[in-house]
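# just a sequence and a predicted model for now, questions to come.
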Amino acid sequence: MSNRKRGILIGAITGAILGALVAWVYVGSQPEDGTSEDTSPQLAPTDWVRLAIAILGVARQLGELVRRV
């Protein structure tokens, strides 16, 4: 696999994962009763740190996976 294809693959997968995580946070912040109240995600700073660590872990695993191919 060429370096260009590998980079595109890693970028696409990382973008999909980050998009899914942002959507998950956004949907989790919406009220379940369907009202249009203005609520923002009530995440503590430690939650954001944990999310960043999880994303970095996934990126590392993807990098190792691509290296094996």
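Happy to help now that I have it.
# just checking, next helix/strand downstream of whichever strand or helix holds Ala16?
Element membership for Ala16 (DSSP states H and E) is helix 3-29. Downstream of helix 3-29, the first helix or strand assigned by DSSP H and E is helix 45-68.
# got a list of contacts for that following helix?
Met1, Arg6, Leu9, Ile10, Ile13, Thr14, Ile17, Leu18, Leu21, Val25 (Cβ atoms under 8 Å, 6 or more residues apart in numbering). C-beta coordinates here come from the backbone N, C-alpha and C atoms, glycine included.
# let's see 10 Å
1, 5-7, 9-10, 13-14, 17-18, 21-22, 24-25, 41, 43-44 (Cβ atoms under 10 Å, 6 or more residues apart in numbering).
# mean confidence score for that helix?
Averaging pLDDT along helix 45-68 yields 80.
# now the helix holding Ala16: how far from the chain's centre is it?
The gap between where helix 3-29 is centred and where its chain is centred comes out at 6 Å by Cα atoms, centre = their mean, to the nearest Å.
# excluding its backbone neighbours, what's nearest the residue sitting nearest the centre point of the chain?
Note on the chain: the residue nearest the mean C-alpha position is Leu18, at 2.7 Å, using Cα atoms, centre = their mean. Nearest non-adjacent residue to Leu18, counting by Cβ to Cβ, 6 or more residues apart in numbering: Ile55, 6.9 Å away.
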